[in-house]
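Visitor: Coordinates only, no sequence provided:
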């Protein structure tokens, strides 16, 4: 990844979801809430361009704070 945004696609229900970006030792770097709809959702999560190169973890949580999706993210 070398752009400043990440697109996340997921199937969900209507309600709030939160995207969180963590370092590999699970220190929270950034978080943002979005409103999901029933069915397929696509959201854009913007990454701080000053973030150093490396591997990170990006997670999507539902409104009950349960993880829905977890991916590794490489920033070059």
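Guide: Yep, that arrived. Small disclaimer: the values here were computed from a predicted structure and weren't measured. Numbers count the residues shown, from 1 in each chain.
Visitor: I'd like to know the beta-bridge partner residues of residue 32.
Guide: On the basis of DSSP bridges, residue 32 is bridged to residue 19.
Visitor: Wait, it touches residue 48, no?
Guide: No. Counting by C-beta atoms under 8 Å, residue 32 stays clear of residue 48, with 11.7 Å between them. Where you see a C-beta, it was placed from the backbone N, CA and C, and this is true even at glycine.
Visitor: helix or strand for the nearest residue in space to residue 16 that is not next to it in sequence, which one?
Guide: In this structure, residue 16 finds its nearest non-sequential neighbour in residue 63, 4.6 Å apart by C-beta to C-beta, 6 or more residues apart in numbering. Counting by DSSP states H and E, no helix or strand carries residue 63.
Visitor: Please list all residues in contact with residue 63.
Guide: Residue 63 makes contact with 15-17, according to C-beta atoms under 8 Å, 6 or more residues apart in numbering.
Visitor: Strands of the protein, start to end?
Guide: For the chain, applying DSSP state E gives strands covering 5-12, 15-23, 28-36, 39-46, 54-61, 67-75.
Visitor: I'd like to know how far residue 44 sits from residue 9.
Guide: Residue 44 is 10 Å from residue 9, where distance means C-beta to C-beta, to the nearest Å.
Visitor: Which one's more surrounded, these two?
Guide: Under the criterion of other C-beta atoms under 10 Å, the comparison of residue 44 against residue 9 puts residue 44 first, with 12 against 9.
Visitor: Can you name the residues bridging to the spatially closest residue to that one that is not a sequence neighbour?
Guide: Closest residue in space to residue 44, ignoring its immediate chain neighbours: residue 5 at 4.9 Å, by C-beta to C-beta, 6+ apart. Going by DSSP bridges, residue 5 is paired in beta bridges with residue 46.
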